[in-house]
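Enquirer: Take a look and give me a structure for this.
(one chain, ligands or ions: 1)
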Amino acid sequence: MELAKNSHLSKIAKELKPSGIRKFFDLAAGMEGVISLGVGEPDFVTSWSVREAAILSLEQGNTSYTANAGLPELRNEISLYMQRQFQVEYSPETEIIVTVGASQAIDIAMRAILDPGDEVIVIEPCFVSYIPMVQLAGGVPVQVQTLKENDFKILPSQIEEVITEKTKAIMLCSPNNPTGSMLNKKELEELAAMVEKHDLLVIADEIYAELVYDEEYTSLPAIPGMRDRTILISGFSKGFAMTGWRLGFVCAPSEITGAMLKIHQYAIMCAPTMAQYAALEALRNGRSDVDDMVKSYRRRRNFIVQSFNEIGLTCHMPGGAFYAFPSIESTGLSSQEFAEQLLLQESVAVVPGDVFGESGNGHIRCSYATSLEQIQEAVKRMKHFIDNLPSKK
Ligand code: PMP
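Expert: This is a model prediction of the structure:
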């Protein structure tokens, strides 16, 4: 039965656009022999000891809800991890909530801070869920475009240009999905000065903080003055290869986590219990596995970026995450055309850059979270595709 003119649906649900990434996955799903550089998740299976910890928790009968904010021992371990890894202190009792992925943490952060009409500055190209999350919380996203000339790093002056009296927060993602760009300490300090000057909050999505390749990572709340202005979002999906476990966390001053916890307890109750036991093991004993994965991503990154530049797709060296974001402008095709033709002619799936925001046009996102052999074959096919474009003949 079709609902009468969709009249049962909310205006906001009707107006939400489906994710632009989906279209390409659906197209690729019907084809054989496709090499996918499209997916945004690790190709590694979660470490055995982490899986075993979850199994053990089930054997021991730990099948009930945990505390709303998460297992106390997990929050304690997250607090120690944040100190050890990023030199920031958070109280396990009042400043940390374990969430259903970073995704839910972003959702409840928006809902906790936004009144109708409040603006959030969203730095594009960015992860596809930020804008819908702002809108679903009643806020208004204000987009700012990073530029390839700046290696897709945001300049504080670009943000200042769009600040109004309604601006509540900045949504920041570093290392970034889809560009892989990462702000260094000095760049974060410059951003922090501007944030303080305008009395703003930052929702800092640091889900890729473990996956950095050249310089040491600086977490935004570690910058003087920023701890009390930051809602730090992170999780286990990327660094610990645990996407399917659906486990993330948020760290913020207690006034903010207090509000977030109220929303979390009504909407979700608590994150999955067995996944929390798994995460506990990941934080306690998972370091060497993370280091091994980082080594492997670094090798693949170096290969893919060098190869793209050799075949005429200019590509900056991404500091983190597992995405390369080469320009395809030299081909004369739009991002959508490039991705579609590459998939149909060479069976290589990439994501057109414009699905992440306006300045992503002219680029494609290629995930190197797949084996080096697959990446080598994909690059070979991409070279063949480019060499045989009508404009090159
Ligand atoms: N933030 C960014 C930037 C991401 O790329 C992703 C996953 N693609 C998420 C958040 C969501 O992560 P999770 O699996 O923890 O919900």
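Enquirer: ok, so what distance separates Ala204 from the ligand?
Expert: Noted for Ala204: a distance of 11 Å to the ligand, by C-beta to the nearest ligand atom, to the nearest Å. Where C-beta positions appear, they are placed from N, C-alpha and C, glycine not excepted.
Enquirer: Can you tell me which residues in the stretch 51-200 of the chain are near the ligand?
Expert: Taking C-beta under 6 Å from any ligand atom, the part of the stretch 51-200 of the chain that reaches the ligand is made up of Gly101, Ala102, Ser103, Phe127, Cys173, Asn177.
Enquirer: Throw those into JSON lines and include neighbour count and distance to Glu149, thanks.
Expert: Below are these laid out as JSON lines (neighbours: other C-beta atoms under 10 Å; distance: C-beta to C-beta, whole Å):
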{"residue": "Gly101", "neighbour count": "23", "distance to Glu149": "33"}
{"residue": "Ala102", "neighbour count": "27", "distance to Glu149": "29"}
{"residue": "Ser103", "neighbour count": "17", "distance to Glu149": "31"}
{"residue": "Phe127", "neighbour count": "22", "distance to Glu149": "22"}
{"residue": "Cys173", "neighbour count": "28", "distance to Glu149": "20"}
{"residue": "Asn177", "neighbour count": "23", "distance to Glu149": "20"}
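Enquirer: So which of those residues belong to helices?
Expert: Among those, DSSP state H puts Gly101, Ala102, Ser103 in helices.
Enquirer: Quick one: residues contacting the one residue in the stretch 251-393 of the chain that gets nearest to the ligand.
Expert: Among the residues of the stretch 251-393 of the chain, Ala321 lies closest to the ligand, at 7.5 Å counting by C-beta to the nearest ligand atom. If a contact means C-beta atoms under 8 Å, 6 or more residues apart in numbering, then Ala321 has Pro175, Asn176, Asn177, Gly180, Met182, Tyr208, Leu211, Lys238 as its contacts.
Enquirer: please redo it, this time with the cut-off set to 10 Å
Expert: Applying C-beta atoms under 10 Å, 6 or more residues apart in numbering, we find Ala321 in contact with 40, 173-182, 207-213, 238, 297, 301, 367-369.
Enquirer: one step back: next, give me the two most distant ones among the residues of the stretch 51-200 of the chain next to the ligand.
Expert: With distances taken as C-beta to C-beta, the most widely separated pair in these is Gly101 and Cys173, at 14.6 Å.
Enquirer: how much space between the closest residue to the ligand within the stretch 101-250 of the chain and Gly70?
Expert: Proximity of the stretch 101-250 of the chain to the ligand (C-beta to the nearest ligand atom) peaks at Gly101, 2.5 Å away. Per C-beta to C-beta, to the nearest Å, Gly101 is found 13 Å from Gly70.
Enquirer: Mutual contacts of the two, please.
Expert: Leu247, Phe249, Ala271.
Enquirer: Narrow those to those that are buried.
Expert: Buried subset of those (neighbour count, 16 or more other C-beta atoms under 10 Å): Leu247, Phe249, Ala271.
Enquirer: so where do the strands sit in the stretch 151-300 of the chain?
Expert: All strands of the stretch 151-300 of the chain, identified by DSSP state E, counting those that start in this stretch, fall at 167-173, 201-205, 230-235, 248-251.
Enquirer: quick revisit: residues touching the residue of the stretch 101-250 of the chain closest to the ligand, list them.
Expert: Gly101 is in contact with 107, 207, 233, 235-237, 242-249, 271, 275, counting by C-beta under 10 Å, 6+ apart.
Enquirer: 7 Å - rerun?
Expert: Residues near Gly101 by C-beta atoms under 7 Å, 6 or more residues apart in numbering: Gly235, Ser237, Arg246, Leu247, Gly248.
Enquirer: Export those residues as TSV, with columns for pLDDT.
Expert: Compiled in TSV, the contacts of Gly101 are given as follows (pLDDT from 0 to 100):
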residue	pLDDT
Gly235	98
Ser237	98
Arg246	98
Leu247	98
Gly248	98
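Enquirer: Farthest pair within the residues you listed?
Expert: Farthest pair in these (C-beta to C-beta) is Gly235 and Arg246. Separation: 8.9 Å.
Enquirer: Looking at these two, which has the bigger crowd around it?
Expert: Counted by other C-beta atoms under 10 Å, Gly235 and Arg246 do not tie: Gly235 has more neighbours, with 27 against 18.
Enquirer: The more buried one and Val250 touch, don't they?
Expert: No. The criterion here is C-beta atoms under 7 Å, and Gly235 misses it with Val250 at 9.1 Å.
Enquirer: How many residues are close by the nearest residue to Ser347 once chain neighbours are set aside?
Expert: Closest residue in space to Ser347, ignoring its immediate chain neighbours: Val34 at 4.7 Å, by C-beta to C-beta, 6 or more residues apart in numbering. Using other C-beta under 10 Å, Val34 has 16 neighbouring residues.
Enquirer: Kindly report the same for Lys186.
Expert: 9.
Enquirer: residues touching it, list them.
Expert: Counting by C-beta under 7 Å, 6+ apart, Lys186 touches no other residue.
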